[in-house]
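*Asks:* No letters, just coordinates:
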């Protein structure tokens, strides 16, 4: 017997025991009614003896059923329970079957026909239980019907002989129906167990897949942080070199180095986009935007790239206004354009916007590139999936572009459709809600300038290369830079310095068991005001991104270019320090910040 057969057998026993009380009580009630009906026609003492036998058997069967229903799951799996039930039905059928031998001589033909009808009804009811557990039907119905049918056949009465024959035929038909029902019932139970086993396997595989995703995210977060550190320092050094170099030849070398660093930075940013989507910290902020302004920015960004590949970039003029998140939607179109130009070797890439169904606009991007095979069209939206890149050329990205497009469109609730034919190109269509021209707000604003002469910037990072890179870069802008490798070190530096920091730049991961949020809180407490601050991190894990986002602090990601850092510092310096009542990091009271057992304020000494 296979494991599945054992499961089916145990389930049959469980079901028949649960149905048992109804069968037992029904048969007992029938015996009481028959006794009352025949009370005046047969010897009463014999009739009572027979009723007592039926009642005692029913009582014992109910005790067995009660014991089963109260037993543990392990105890129910023992095989004797099936035998107990079979013996109970056999004894009940036998007691009913002796009735013709005891009372047959006392009845007229009419009464005997009536009793035969009662027996036939009991066989029909029993066949229902036989569909669940066939031995219970056989052990009850055969002892019940056979003596009465044989007695009818040998009674000498034609009508009773016919009745006996009909009882046997009725028993055989019900036996056939019960056997077929039992087979179908076993198949049904087996299918249920097979489906449950399949669901259990799927749940196990799902758990394994989720654990693999978590492990992948942790690995990417750790690897991303470790690799971003030197790349972050490299970008700062390149920014400092570019600012101070005047020789054209050397500036060209610096620009080539910067382009290589920017390419690697782009790969890390793709990973960061996926982590931000996993962390669910990307906010959807819809607004009304003019499509031509968005298209102009994209044209300026990609026209040179298209020219280098000698393909035509066509951006159709459009006066459409759409309502969506300007930054996220631009990110979607930027990814689609980058893909289109990358996989188009000749011909053109066309971007346009036109009317769509029911108050929408449809943004269309079509190319004459290599196209996507029909078998791969569902896979191209998966993470890390790439066509025609078996060598994993880093210049072709990581295979995250279309995955990010799909997830951003889902976030913004924008229907995305793709049509592609291998060798003929690909067309993407995105339905965007129509906007209101009267409510458009232009995003064309001048970049923030860094007015930093005479300003003091505190930099906290446990990587000496990053500290020196920031010092060279900000020093070139006239900043006075205070460097610290930990929160405790930062408090000592402030105590010895002749200036008070106007801005704090802190790495997230620091020494002494603290992080950048704790360090900023300690410095703010020691100075008595909430100095503008920014947290810089190379960590892409969703949990870390959520944690920093909850504090409300400015968050930048390594590798950080000098231009981006200057824009952020310029904005923070123009805002100035916030008042003492501003929210502290993590939403906690800064007076509770303690470093190495010493309150933060105690490490600064007198205020300068």
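*Replies:* Everything's here; your move. Bear in mind the structure is a predicted one, so any value in this text is a computation, not a measurement.
*Asks:* Please name the residues that touch the residue nearest to residue 184 when sequence neighbours are not counted.
*Replies:* Spatial nearest neighbour of residue 184, excluding adjacent residues (Cβ to Cβ, 6 or more residues apart in numbering): residue 131 at 7.8 Å. (Glycine included, C-beta is placed from N, CA and C.) The contact partners of residue 131, taken as Cβ atoms under 8 Å, 6 or more residues apart in numbering, are 178, 181, 182, 184, 185.
*Asks:* Try it again at 7 Å.
*Replies:* Neighbour list for residue 131: 178, 181, 182, 185 [criterion: Cβ atoms under 7 Å, 6 or more residues apart in numbering].
*Asks:* what helix or strand does it sit in?
*Replies:* Element membership for residue 131, per DSSP states H and E: helix 109-132.
*Asks:* tell me the mean pLDDT for that helix?
*Replies:* Averaged across helix 109-132, the pLDDT comes to 82.
*Asks:* Could you tell me how far that helix lies from the centre of the chain?
*Replies:* 56 Å (Cα atoms, centre = their mean, to the nearest Å).
*Asks:* show me where pLDDT drops low in the stretch 251-400 of the chain?
*Replies:* Residue ranges of the stretch 251-400 of the chain with pLDDT under 70: 256, 259-283, 379, 382-400.
*Asks:* From residue 96, how far out is residue 83?
*Replies:* Distance of residue 83 to residue 96, computed by Cβ to Cβ, to the nearest Å: 21 Å.
*Asks:* What of residue 477?
*Replies:* For residue 477, the distance to residue 96 equals 105 Å [Cβ to Cβ].
*Asks:* Give me the more crowded residue out of those two.
*Replies:* residue 96 (27 against 19; other Cβ atoms under 10 Å).
*Asks:* Quick check: the more buried one is in a helix.
*Replies:* Yes. The assignment for residue 96 is a helix, going by DSSP: H, G, I helix; E, B strand; the rest coil.
*Asks:* which element follows the helix holding residue 131 toward the C-terminus?
*Replies:* Taking DSSP H and E, what comes next after helix 109-132 is helix 134-153.
*Asks:* and that next one with helix 109-132, angle?
*Replies:* 160 degrees (axes from the mean of the first three to the mean of the last three Cα atoms, to 10 degrees).
*Asks:* next one: helix 134-153 to chain centre, how far?
*Replies:* Worked out by Cα atoms, centre = their mean, helix 134-153 lies 59 Å from the chain centre.
*Asks:* who touches it?
*Replies:* 16, 85-86, 89-90, 92-94, 96-97, 100-101, 104, 116, 119, 122-123, 126-127, 129-130, 160-161, 163-165, 167-168, 171, 174, 178-179, 182.
*Asks:* Mind giving me the PyMOL select for these, buried ones only?
*Replies:* Command for PyMOL that selects the buried part of these, burial taken from 16 or more other Cβ atoms under 10 Å:
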select buried, resi 16+85+86+89+90+92+93+94+96+97+100+104+116+119+122+123+126+127+129+130+160+163+164+167+171+174+178+179+182
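*Asks:* if we can go back for a sec, as CSV, the contacts of residue 131 with pLDDT would be great.
*Replies:* Output for those, formatted as CSV (pLDDT from 0 to 100):
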residue, pLDDT
178, 87
181, 84
182, 83
185, 84
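*Asks:* Closest one to residue 487 out of these, please.
*Replies:* residue 185 (70.9 Å; Cβ to Cβ).
*Asks:* so who does that closest one touch?
*Replies:* When contacts are counted by Cβ under 7 Å, 6+ apart, residue 185 touches 131, 132.
*Asks:* Next, give phi and psi for it.
*Replies:* Phi and psi for residue 185, reported as degrees, to the nearest 10, are phi -70, psi -40.
*Asks:* quick one, strands of the stretch 301-450 of the chain?
*Replies:* Counting by DSSP state E, counting those that start in this stretch, the stretch 301-450 of the chain has strands at residues 312-315, 321-324, 348-355, 360-367, 416-421, 425-433.
*Asks:* in a strand, that's where residue 513 is, yeah?
*Replies:* No. Counting by three-state DSSP, residue 513 is not part of a strand but coil.
*Asks:* Enumerate every residue touching it.
*Replies:* Counted by Cβ under 7 Å, 6+ apart, residue 513 has zero contacts.
*Asks:* Tell me how many other residues crowd the closest residue to residue 511 other than its chain neighbours.
*Replies:* Spatial nearest neighbour of residue 511, excluding adjacent residues (Cβ to Cβ, 6+ apart): residue 486 at 4.5 Å. Close neighbours of residue 486, defined as other Cβ under 10 Å, add up to 19.
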